[in-house]
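Engineer: Okay, sequence plus prediction incoming.
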Amino acid sequence: MKLTCILSVLLSIATAPLMAEQASAGSPHPPMGWNSWNWHGKKHINETVVRETIDAMVSSGLRDAGYLNVIIDGGWRGTELGPNGELTVNVERFPGGIKPLADYAHAHGMKLGLHTVPGTHDCGGDAVGGYGHEEVHVAQFAEWGIDFVKLDRCVFKEGDGWNEELIEEVYRKWARLMAKSEHPMTLSISAYEYRDWYPEIGAMARTTLDIVARGKGGAVFERETPQRNHISVMQVADLNNAHAASAGNGYWNDPDMLVTGEQGLTDAEQEAHFALWCVMSSPLMLGNDPRSMTAFEQDLITNKVAIAINQDPTEQGRRIAKSGMAEIWVKNLSDNQLAILLLNRGTERMEDFQFDAGAMLSGSEFQVTDVFGKYSTNFGGLLEAELGPRSSKFYLVDGR
């Protein structure tokens, strides 16, 4: 089956206007970094792992590629709050406390982030939530030098539990307190679905359930139904794509962490996954082990052209054509450029693609760069490709 993009129908979708309002706690580009959860979970993270990860991100080139945030997810907290409602630290895993790790990250040109919860209990049931203690917790983070806060809507055990009014009230309170803090902090909202007030208060916000990763049986490219609230790469992409128009101008939709590396995807699936996150202007949060990367993965996630596409702040790219399992995704870039992902998400058949990229750019001469093939050539604007199952082609087209 040949998927031919009819531009007269699709141009209005592909060039939808950007958000007019700047996010109050926004980030000019999609944040980049690493999060401990997918690889280490709650039980296997500790201060030694964090320090070694920072060292590895520096030595491997990840820091210089833009991955600046090191986020400690679950596992750093104690099991109860202190006498004044303050957060406590798990002394077995983090005997030196959190501030020395923030200092270590800063000394290496990086930033440190923490996972915390705004309800009454964390996801494991410990009564360490920030509800009613927001001022205390934000002050702690500022004192420790925390640069990034992942605010994960876990458990609220009072009354009838979470409701939409309470969710908005609590997250807005955290945003206000963080904005007033003397130490600047990026707010990452993790509340499992998109809400239209997110762009007003956060730099990034989750639009989906958790992506299935190494710690939950291994990454999966495509699966029709969730497994214990964990979903596949393409389920995540489909859900995130529905909110493309809300991203840009300081706010970025977050389809969860990357599952590159030895987590279950083939090399071709990893390429498609990383290209999708780049086209969708997603925060690039690694979920791997930077201390032990394959050469393929390291080359993939440090690809300069792919990262430049991701970091271009024009918009969130989107799917503009679909026929069966064949899809075309496009992101309009600055300087008369276009990023194009041709994707065969099927498992059984070859798919033919034809896309007139020149019709979406000014000029009559064009250069196309194969992002992962790492070569460029002049062409007339028409892209054609035949792709096998679970494979993709990622292109940057430059109008002359």
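Structural biologist: Right, received. Where do you want to start? A quick note: this is a predicted structure, and the numbers were derived from the prediction, not measured. Residues are numbered from 1 along each chain as shown.

Engineer: Check which helices and strands the host helix or strand of Gln140 is in contact with.
Structural biologist: Element membership for Gln140 (DSSP states H and E) is helix 134-144. For helix 134-144, the elements it packs on are helix 99-107, strand 111-116, helix 164-180, judged by 3 or more Cβ pairs under 8 Å, 6 or more residues apart in numbering; DSSP states H and E. For glycine as for every other residue, the C-beta is placed from the backbone atoms N, C-alpha and C.

Engineer: how about 6 Å then?
Structural biologist: Identification of packing neighbours for helix 134-144 by 3 or more Cβ pairs under 6 Å, 6 or more residues apart in numbering; DSSP states H and E yields helix 164-180.

Engineer: Show me which positions of the helix it packs on end up buried.
Structural biologist: 166-167, 170-171, 173-175, 177-178 (16 or more other Cβ atoms under 10 Å).

Engineer: Looking at it now, give me its mean pLDDT.
Structural biologist: Helix 164-180 comes out with an average pLDDT of 97.

Engineer: Mind exporting the C-alpha coordinates of that helix to PDB?
Structural biologist: Extracted in PDB, the C-alpha atoms of helix 164-180 (Å, rounded to 0.1, in the frame of the first residue of the first chain):
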ATOM      1  CA  GLU A 164     -10.200  17.500  39.300                       C
ATOM      2  CA  GLU A 165     -10.700  20.600  41.400                       C
ATOM      3  CA  LEU A 166      -8.200  19.400  44.100                       C
ATOM      4  CA  ILE A 167      -5.600  18.300  41.500                       C
ATOM      5  CA  GLU A 168      -5.600  21.800  39.900                       C
ATOM      6  CA  GLU A 169      -5.600  23.500  43.300                       C
ATOM      7  CA  VAL A 170      -2.600  21.500  44.600                       C
ATOM      8  CA  TYR A 171      -0.500  21.800  41.400                       C
ATOM      9  CA  ARG A 172      -1.100  25.500  41.100                       C
ATOM     10  CA  LYS A 173       0.000  26.000  44.700                       C
ATOM     11  CA  TRP A 174       3.300  24.100  44.100                       C
ATOM     12  CA  ALA A 175       3.800  26.200  41.000                       C
ATOM     13  CA  ARG A 176       3.300  29.500  42.900                       C
ATOM     14  CA  LEU A 177       5.700  28.500  45.700                       C
ATOM     15  CA  MET A 178       8.300  27.300  43.300                       C
ATOM     16  CA  ALA A 179       8.000  30.600  41.200                       C
ATOM     17  CA  LYS A 180       8.700  32.600  44.400                       C
END
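
Engineer: which is the next helix or strand following it?
Structural biologist: Sequence-wise, the next helix or strand downstream of helix 164-180 (DSSP H and E) is strand 186-190.

Engineer: Strand partners (parallel or antiparallel) of that next one?
Structural biologist: Its sheet considered, strand 186-190 pairs with strand 148-152 (parallel), strand 204-206 (parallel) by DSSP bridges.

Engineer: most neighbours per residue, which of those strands?
Structural biologist: strand 204-206 (a mean of 28; mean count of other Cβ atoms under 10 Å).

Engineer: roughly how far is it from the heart of the chain?
Structural biologist: Remark: strand 204-206 is offset 8 Å from the chain centroid, using Cα atoms, centre = their mean, to the nearest Å.

Engineer: contacts for it?
Structural biologist: 31, 188-190, 192, 198, 252, 254, 283 (Cβ atoms under 6 Å, 6 or more residues apart in numbering).
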